[in-house]
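Trainee: What follows is a predicted structure for the sequence shown.
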Amino acid sequence: MTRFGKLLAGAALFCGIAGTLLYPRLSAPRVQSPFEAAALLEQAVRDGGESVTFRTEEIDLDAVYSALEARYPYAFALHATTRPNQTIELRVELSRPARQEQAWSYARALAAETVDSGMSEEQKLRALHDALVRLCQYDTDTAGKAAPDGAAAPFAADGALLDHKAVCAGYGRAYGMLCEAAGLRAVYIASEEMNHGWNAVRLDGETYYIDCTFDDPVPDRGEYVSDQYFLLTAEELSNTHQWDRTFYEQVLDGLEKES
């Protein structure tokens, strides 16, 4: 779904609540790509803020949203306002922030129970994958319904972790949250072609894919966990999945440089 399109600095755009009006910040950093913008915004939100202001000549805000969604396991809406002097303000609005914070607390507790320091990174990824598949059931009642920006619980981590019921977006965001709680990074991939989401990780410098949804049988089979879609290569996954491989490789590249 197209949310924003390309935004030329100097043209006004209001998406939802535009936020507090600010005078242009001439000291704002200059951003060259949506990946840089997403990294700045993620850091601002993690530091307790909710917005970031930067300068750019042109930026694709759909790509900023997708890059932030990949990096940041919370469900959110993104609001944009342009200012003079090629300045743009982006603001994140979390969906149900109290519930998502509860999900984060649950993720930390579950990760602490599931992994330990003696495990390899691959073992940790597998243990968290298995824990999520056992915990959550696929929400067949919600499947196929639209949820703008992942606003409804089944499309977010709190649906999977607190309600134990979710669709693919909830599984993917919950897995990202569990990995982060365990000191790992798993990006969330959203495929418009498939209307489906899953995760990607870097392991020993290589990219692998994990689809917890596809590894959770429907109807639910209790403790049974498939590993058919755990740590697949791009070539293996492309037999059943379609996605913008180049885009998400760039997201992973950025995270690797930051680590």
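Mentor: Yes, it's here. Here the structure is a predicted model, which means the values were calculated and not measured. Residues are numbered from 1 along each chain as shown.
Trainee: Now the nearest residue to Tyr65 once chain neighbours are set aside: phi and psi?
Mentor: In this structure, Tyr65 finds its nearest non-sequential neighbour in Leu78, 5.0 Å apart by CB to CB, 6 or more residues apart in numbering. Backbone N, C-alpha and C define where each C-beta goes, glycine included. Here is the backbone geometry of Leu78 (degrees, to the nearest 10): phi -120, psi 130.
Trainee: same check, this time on Gly49
Mentor: phi -90, psi -170.
Trainee: ok, now Gly222?
Mentor: According to degrees, to the nearest 10, Gly222 has phi 60, psi -120.
Trainee: That one: neighbouring residues, count only.
Mentor: Gly222 is flanked by 8 other residues according to other CB atoms under 10 Å.
Trainee: what's the pLDDT at it?
Mentor: Here the pLDDT value assigned to Gly222 is 72.
Trainee: how much space between it and Gln137?
Mentor: Distance check for Gly222 against Gln137: by CB to CB, to the nearest Å, it reads 10 Å.
Trainee: Next: Ser51.
Mentor: 36 Å.
Trainee: try Ala75
Mentor: Using CB to CB, Ala75 is found at 19 Å from Gln137.
Trainee: neighbour count winner among those two?
Mentor: Between Ala75 and Gln137, Ala75 has the larger neighbour count (other CB under 10 Å), namely 27 against 19.
Trainee: Surely that one touches Arg99?
Mentor: No - between Ala75 and Arg99 there is no contact under CB atoms under 8 Å: 9.6 Å.
Trainee: count of residues packed around the nearest residue to Ala112 once chain neighbours are set aside?
Mentor: Spatial nearest neighbour of Ala112, excluding adjacent residues (CB to CB, 6+ apart): Ala181 at 7.7 Å. Applying other CB under 10 Å, we find 21 other residues in the vicinity of Ala181.
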